[in-house]
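Engineer: what would the 3D arrangement of this be:
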Amino acid sequence: MSQPTQPQQQRAPAKRRWKLAVGIQRERGGPDIDTEPVADADLAEHRSELWMAGCLRRGYVDCSMESLHLEIAPLIDTTGSRSIVGFELEAADPAGQQVALRFSIHSIQHVARRAAARLLATGDLEDGDLYYYRIIPRCVELPAEAETASAGTGVGVAVRETTAPLHFLSVPLARLLERARAVEIDKAETAYPVFYTRLAREKAERVSRRGADVQPAVETGGLLLAVLCICPTLGEMFAVVTDVLELRGAKESKYSLDPSGRTWQGVQGDLRALRARRETRWHVPVGQCHGHNFLPGETGLDLASSAFVSPDDRLWHGAVFSRQPYQLCHIFGLDRDGGPADRVFGLADARLLARGYYVVPDFDLTPYLDSVVPCVRQPKEIRREAAV
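Structural biologist: Residues are numbered from 1 along each chain as shown. As a prediction, the model looks like this:
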């Protein structure tokens, strides 16, 4: 769950409709040389994260993401600068209670990068130039009929594409926790619980490090298959990773892994075979794993290990797992001495950030195969922003 990044923040006045833009500056606090609107599509991960925290993790699995009517409010730094340090998204859950998450300015860094790319193309910025960005809040007055018709943070026309429905099995969380070994679990951990079976964790590492046996080393990886579960007593959602589908036939290089059309055809065939069997029909891809089979010093960055999410990783992962708030990215790398290192990353502050997980000896699905919790379809949306 996303948390405020500043210790003292004040929410902008409620009962107003806010839209956001990003201002690009050559110098911190200087004049804006360009602005870029924050579109609804830019807040896709924010929306899905609020859906996860406010609905799925509280037992409301029959609530769709698009049923949430979002309100946005800028967060003002009260320590003296009065700058906008982030924003809050708020919606009502199916019981009518208000749920809200706060996001930092870093969560819309991709909007700033888009603006910077345009400035590079026009020559207003040169490669290597340092730039700064800020959040610009805009209070929008809408006619009553437009306010009633609009959903989300902007006014627009939505084209919705419905994907396969999510399914959850009713599984007591305590039964897994009492057998689990915690890995990188912080006491302040707020991410939803993720479990690996021992064999699935070993397979993820084996598939990811296979590229280290090639000279020169390349990236290899696979898709993480899991069962999504709801605890019948706590209402908490969690995932159990039980298998890994290797990405076969992908273009493999030292710093990238590019699945081909043949790769995806194989994945679809494997998934169809799994769903035809009763014991594996509820397995779904929840993320990916791959190996960074190089030393951290080779990146030119001061890193403790090469188990980090690269810009290319973010692009690929976002293209495949966008709007899936339970998404996981497991990177297997090397530390500075060449020893093994790995980290799991999940959605937080609308970004892939490091998180912990659990390992259990095994997970017998048999007692729970008929305990499917009623659920809804998960829609994907392409929204065109209208001028206001």
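
Engineer: any idea which helix or strand in this structure has the lowest mean pLDDT?
Structural biologist: None of the helices or strands of the chain scores lower by mean pLDDT, DSSP states H and E than strand 377-385, at a mean of 37.

Engineer: who touches residue 98 in this structure?
Structural biologist: By Cβ atoms under 8 Å, 6 or more residues apart in numbering, residue 98 lies in contact with 90, 91, 92. C-beta coordinates here come from the backbone N, C-alpha and C atoms, glycine included.

Engineer: run through the bridge partners of it.
Structural biologist: Note on residue 98: beta-bridge partners by DSSP bridges are residue 92.

Engineer: and it, what's its pLDDT?
Structural biologist: Note for residue 98: predicted pLDDT of 90.

Engineer: residue 336 now?
Structural biologist: 94.

Engineer: what is the neighbour count of it?
Structural biologist: Using other Cβ atoms under 10 Å, residue 336 has 13 neighbouring residues.

Engineer: skipping adjacent residues, who's closest to it in space?
Structural biologist: Nearest non-adjacent residue to residue 336, counting by Cβ to Cβ, 6 or more residues apart in numbering: residue 296, 5.9 Å away.

Engineer: same check on residue 33?
Structural biologist: residue 24 (5.5 Å).

Engineer: list the buried residues in the host helix or strand of the one you found.
Structural biologist: Residue 24 is part of strand 17-25, with elements assigned from DSSP states H and E. For strand 17-25, a neighbour-count test (16 or more other Cβ atoms under 10 Å) marks 17, 18, 19, 20, 21, 22, 23, 24 as buried.

Engineer: save the residues you listed as a markdown table, and put in pLDDT too.
Structural biologist: Output for the buried residues of strand 17-25, formatted as a markdown table (pLDDT from 0 to 100):
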| residue | pLDDT |
| --- | --- |
| 17 | 83 |
| 18 | 89 |
| 19 | 91 |
| 20 | 94 |
| 21 | 95 |
| 22 | 96 |
| 23 | 96 |
| 24 | 96 |
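
Engineer: what's the closest of those to residue 348?
Structural biologist: residue 20 (19.6 Å; Cβ to Cβ).

Engineer: ok, the most centrally placed residue in the chain to residue 48 distance?
Structural biologist: With distances taken as Cα atoms, centre = their mean, residue 347 lies nearest the centre of the chain, 3.3 Å away. Separation of residue 347 from residue 48 (Cβ to Cβ, to the nearest Å): 7 Å.

Engineer: any shared contact partners between the two?
Structural biologist: In contact with both residue 347 and residue 48: residue 325, using Cβ under 8 Å, 6+ apart.

Engineer: if I look at residue 295, how far off is residue 345?
Structural biologist: 20 Å.

Engineer: cool, and residue 277?
Structural biologist: Taken as Cβ to Cβ, the span from residue 277 to residue 345 is 30 Å.

Engineer: wait, residue 169 sits on residue 232?
Structural biologist: No - counting by Cβ atoms under 8 Å, residue 169 stays clear of residue 232, with 10.1 Å between them.

Engineer: who's more crowded, the two?
Structural biologist: A side-by-side neighbour count of residue 169 and residue 232, using other Cβ under 10 Å, places residue 169 first with 18 against 13.

Engineer: could you list the buried residues of the helix or strand harbouring the residue nearest to the centre of the chain?
Structural biologist: Element membership for residue 347, per DSSP H and E: strand 340-348. For strand 340-348, the neighbour count (16+ other Cβ under 10 Å) marks 341, 342, 343, 344, 345, 346, 347, 348 as buried.

Engineer: select, from these, the two members most distant in space.
Structural biologist: 341 and 347 (21.8 Å).

Engineer: for the residue nearest to residue 33, give me its contacts.
Structural biologist: 32, 33, 34, 35, 36, 112, 115, 116, 119, 131, 132, 133.

Engineer: which of these fall within strands?
Structural biologist: 32, 33, 34, 35, 36, 132, 133 (DSSP state E).

Engineer: and residue 185, which of the three is it?
Structural biologist: coil (DSSP: H, G, I helix; E, B strand; the rest coil).

Engineer: what residues are up against the closest residue to it other than its chain neighbours?
Structural biologist: Spatial nearest neighbour of residue 185, chain neighbours left out: residue 356 (3.6 Å); criterion: Cβ to Cβ, 6+ apart. Contact analysis of residue 356 by Cβ under 8 Å, 6+ apart lists 182, 183, 184, 185, 186, 189, 191, 344.

Engineer: could you redo the last one with a cut-off of 7 Å?
Structural biologist: 182, 183, 184, 185, 186, 189 (Cβ atoms under 7 Å, 6 or more residues apart in numbering).

Engineer: and residue 27, by the same measure?
Structural biologist: Contacts of residue 27 by Cβ under 7 Å, 6+ apart: none found.

Engineer: secondary structure class for it?
Structural biologist: coil.

Engineer: what does residue 100 give?
Structural biologist: Residue 100 ends up strand, using three-state DSSP.

Engineer: who's in contact with the residue nearest to it when sequence neighbours are not counted?
Structural biologist: Nearest residue to residue 100, sequence neighbours excluded (Cβ to Cβ, 6+ apart): residue 90, at 4.1 Å. By Cβ under 7 Å, 6+ apart, residue 90 lies in contact with 71, 98, 100.
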